[in-house]
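A.B. asks: Turn this into a model:
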Amino acid sequence: MTVKTDSQLGGDGLARYENTIEIRAPPEKVWEMLALDRWPEWMGPAELISAKYTSEVVTPEDKYKVGASAHMVEKRWEYELVITESVKNERLSARSKGKYTYNATSTLKPVGEGTLLTGTVEYVLDSFFARAIDRLLKGAAQKQMDKSSALLKELVEKQMSQA
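C.D. replies: Now for the predicted structure:
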């Protein structure tokens, strides 16, 4: 699990948090948990309280298509999240819209009988204040990301053991 922060990109800083975890389940089982309305299950109730699709969902595949969107409610803020890239069972990217903007990407790679899941979150630090806050909270943000990945792993592996 790594944290990469580039403090000077085009005048603004870019914070990047990344972690990789191996899950004993095929990519299609991990993929199911990447639907935006499933995020609260593994993001932890302390952070993500709810996620409801705002785009039309007629089939399960609609949840993963580019342009699909959801209203996300966290403890401290609310925002829209829009899928910007989707390659079934391989890669899903989304971008938030609102006061704070971030990009989140999940990349899945089959390994043996499991999946290597790499999660990346990037956001722009557009002011001195934002960069200072990022330096103070960097450890907490990475811990939350690691905790969410561990919970996702636990949930998927539990589903596999019950199948």
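A.B. asks: Only C-alpha atoms from now on, for both contacts and neighbour counts.
C.D. replies: OK.
A.B. asks: Excluding chain neighbours, what is closest to residue 50?
C.D. replies: Leaving aside its chain neighbours, residue 50 sits nearest to residue 73 (5.2 Å; criterion: CA to CA, 6 or more residues apart in numbering).
A.B. asks: My read is that residue 42 contacts residue 148, right?
C.D. replies: Yes: contact criterion CA atoms under 8 Å: residue 42 and residue 148 qualify, at 5.5 Å.
A.B. asks: Now do the SS call for residue 100.
C.D. replies: coil (DSSP: H, G, I helix; E, B strand; the rest coil).
A.B. asks: Could you do residue 141 as well?
C.D. replies: helix.
A.B. asks: who's in contact with it?
C.D. replies: Listed by CA atoms under 8 Å, 6 or more residues apart in numbering, the contact set of residue 141 reads residue 17.
A.B. asks: Relative to residue 18, how far out is it?
C.D. replies: Here residue 141 is placed at a distance of 10 Å from residue 18 (CA to CA, to the nearest Å).
A.B. asks: Residue 152 now?
C.D. replies: Between residue 152 and residue 18 the distance is 15 Å, computed by CA to CA.
A.B. asks: Which one's more surrounded, those two?
C.D. replies: residue 152 (22 against 19; other CA atoms under 10 Å).
A.B. asks: Give the closest residue to that one in space, chain neighbours not counted.
C.D. replies: Spatially, and ignoring its direct neighbours in sequence, residue 152 is nearest to residue 42 (5.0 Å; CA to CA, 6+ apart).
A.B. asks: now the one you found, what's its secondary structure?
C.D. replies: helix.
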